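Visitor: model this:
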Amino acid sequence: MSRPHDSHSMSSFFGNPFRMFIRKRSFNSSARVNQILKGFETALLQRLEQLKLNKPKDFIDLTWMQQAMEVLFSLHSDLRTLVVDLRFPIAKWDKKWIDQYLDDTVNLLDICIALNAEISCLDHRHLIVQYVLHLLNFSDGMPSSDKLFRAKDHLGELLGEKKAGEKNGASQTHRKIENCAAMLQGMCKSLHLRKVKSSAKSRVLLRAIYGLKATSIFICSILVSVFAGSSDPLVDLRIPDQFLWSVSFMTLQQDVNEEIKGGFAMGRVPVLKELESLNAAVKNLHLTIQMLSLEIPGENERRFQLTEGSEQAHQIRQAIQELQQSAYLLSQGLDPLTQQINTFFQIILKGRNALLDSLRFSGDNDTQIEDEFFKM
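Guide: Just a heads-up that it's a prediction; the model follows:
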């Protein structure tokens, strides 16, 4: 004779098979999502570690800036991979996330434009240096007094001895980079980890976007500060301890900010290593040529006395070599950095365009648009 409660007892003991399947599936899905997040944050931690300053170090150089830009490229690629692995198309994103992304990318595009404008000014300085080196080419013999005078005038221009009218264009360009400080501060105010209750995927996505945004703000603030010649654009972000990369980020931010602020405090403007070397070489050559100038008795003019094999000829040759070397190092660093900033601009622009397209089309194109949105 069967007992009426046997079936119920067995079910309670072994559990409902359907419920067990659902729970197991939910557990596996949650574990997979958490593993995706851990992979992203571990990669971010490793990339931040690569940017640590080597002590003792004079100051920030173009090589470090190039490495920092590479970190931004890699993070965008990592975020794209994360979104694909999550199978979380843009069509399911909250409207607030999208609005914030559009606001942030406008600022990043403007920052790229301002940085390019500053680099263009440095390119102009480099052209003047090349012309000075052309005038002082010793391969055709001793430079004439006329060439020495012209070289001296151009070197004086590089040292800031310009007419008021010639400064207007440069000051307008400089205001662009100065405006970036306000943009960065605005992005800092909107940097917070939103609380979501909808899904684990939403939580993971927002944590990843938070990491990308914080790193973008930090790296852009360094570039803007260096090229603006001011510590005002520097940020002081507070990253919560819940992030795997928070300690590394905070340590790096403190070290770099102290390095730059210390340089400005000591009157080292600019703080960019290669640019300071170039300025020092320009100043040295300008002074060397100026010391060769002789006033002609009875005449209201000055001439240069420079003869082959003299101590003055040796000094000016040495000063020219220093200028050649510093100009070369600056050019070698600026060219790839310019390309990286342009690439970053294109990444942001394509991402915006793809996101806007996703808002105009239905779900059939989500996969294609999602792939394009995070493409490098």
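Visitor: chain center to stretch 211-218: distance?
Guide: Relative to its chain's centre, stretch 211-218 lies at 10 Å (C-alpha atoms, centre = their mean, to the nearest Å).
Visitor: Contacts for that stretch, please.
Guide: Residues from elsewhere that reach stretch 211-218, judged by C-beta atoms under 8 Å, 6 or more residues apart in numbering: 40-41, 44, 48, 71-72, 75-76, 79, 104, 108, 184, 187-188, 191, 235, 237, 239, 243, 245, 249, 252-253. Glycine gets a C-beta too; all of them are placed from N, C-alpha and C.
Visitor: what residue ranges in the stretch 151-300 of the chain are flagged as low confidence?
Guide: Residues of the stretch 151-300 of the chain meeting the criterion pLDDT under 70: 161-174, 197-198, 269, 294-300.
Visitor: Just the ones of the contacts of stretch 211-218 in strands?
Guide: Among those, DSSP state E puts none in strands.
Visitor: Can you say which of those residues are buried?
Guide: Neighbour counting by 16 or more other C-beta atoms under 10 Å classes 40-41, 44, 48, 71-72, 75-76, 79, 104, 108, 184, 187-188, 191, 235, 237, 239, 243, 245, 249, 252-253 among those as buried.
Visitor: And the helices in the chain?
Guide: For the chain, the helices defined by DSSP state H cover 6-14, 17-50, 62-86, 95-135, 145-158, 164-189, 200-228, 246-265, 273-292, 311-358, 366-373.
Visitor: most packed of those?
Guide: helix 200-228 (a mean of 22; mean count of other C-beta atoms under 10 Å).
Visitor: tilt between it and helix 95-135?
Guide: With axes from the mean of the first three to the mean of the last three C-alpha atoms, to 10 degrees applied, the angle from helix 200-228 to helix 95-135 works out at 30 degrees.
Visitor: quick check: angle from helix 200-228 to helix 62-86?
Guide: Interaxial angle of helix 200-228 relative to helix 62-86 (the same axes, to 10 degrees): 160 degrees.
Visitor: Helix 200-228 versus helix 246-265: what angle between them?
Guide: 10 degrees.
Visitor: Any figure for the gap between residue 321 and residue 86?
Guide: 57 Å (C-beta to C-beta, to the nearest Å).
Visitor: got it, and residue 191?
Guide: Going from residue 191 to residue 86 by C-beta to C-beta gives 22 Å.
Visitor: Name all residues that make contact with residue 143.
Guide: Residue 143 is in contact with 135-137, 151, 306, counting by C-beta under 8 Å, 6+ apart.
Visitor: oh, I was asking about residue 51
Guide: Under the criterion of C-beta under 8 Å, 6+ apart, the neighbours of residue 51 are 64, 67-68, 71, 252, 256.
Visitor: tell me the pLDDT at it?
Guide: Looking at residue 51, its pLDDT is 93.
Visitor: From residue 351, how far out is it?
Guide: From residue 51 to residue 351 the distance is 23 Å (C-beta to C-beta).
Visitor: likewise residue 60?
Guide: Residue 60 sits 28 Å away from residue 351, going by C-beta to C-beta.
Visitor: ditto for residue 44
Guide: When distance is defined by C-beta to C-beta, residue 44 is 18 Å away from residue 351.
Visitor: Show residues contacting stretch 144-156.
Guide: For stretch 144-156, using C-beta under 8 Å, 6+ apart, the contacting residues are 128, 131-132, 135-136, 143, 282, 285-286, 289-290, 292-293, 303-304, 306.
Visitor: one more time with 6 Å
Guide: With contact meaning C-beta atoms under 6 Å, 6 or more residues apart in numbering, stretch 144-156 is reached by 128, 132, 135-136, 282, 285-286, 289, 303-304.
Visitor: likewise stretch 105-112?
Guide: So stretch 105-112 is in contact with 180, 183, 187, 220, 341, 345, 348, 352, going by C-beta under 6 Å, 6+ apart.
Visitor: need those in a markdown table with distance to residue 195, can you?
Guide: Below are the contacts of stretch 105-112 laid out as a markdown table (distance: C-beta to C-beta, whole Å):
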| residue | distance to residue 195 |
| --- | --- |
| 180 | 30 |
| 183 | 26 |
| 187 | 20 |
| 220 | 27 |
| 341 | 35 |
| 345 | 33 |
| 348 | 27 |
| 352 | 26 |
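Visitor: Could you list the low-pLDDT ranges of the stretch 1-150 of the chain?
Guide: 1-28, 55-59.
Visitor: if I pick residue 183, what's in contact with it?
Guide: Applying C-beta under 6 Å, 6+ apart, we find residue 183 in contact with residue 107.
Visitor: Just want to check the distance between it and residue 218.
Guide: Counting by C-beta to C-beta, the separation of residue 183 from residue 218 is 14 Å.
Visitor: and what of residue 275?
Guide: Using C-beta to C-beta, residue 275 is found at 21 Å from residue 218.
Visitor: Check residue 351 too.
Guide: Taken as C-beta to C-beta, the span from residue 351 to residue 218 is 19 Å.
Visitor: For stretch 69-77, C-alpha coordinates in CSV please.
Guide: Taking Å, rounded to 0.1, in the frame of the first residue of the first chain, the C-alpha atoms of stretch 69-77 are listed here in CSV:
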residue,chain,number,x,y,z
MET,A,69,47.9,56.1,-25.5
GLU,A,70,48.5,52.4,-26.2
VAL,A,71,46.8,51.7,-22.9
LEU,A,72,43.7,53.6,-24.1
PHE,A,73,43.7,51.7,-27.4
SER,A,74,43.9,48.4,-25.6
LEU,A,75,41.2,49.3,-23.2
HIS,A,76,38.8,50.1,-26.0
SER,A,77,39.6,46.8,-27.5
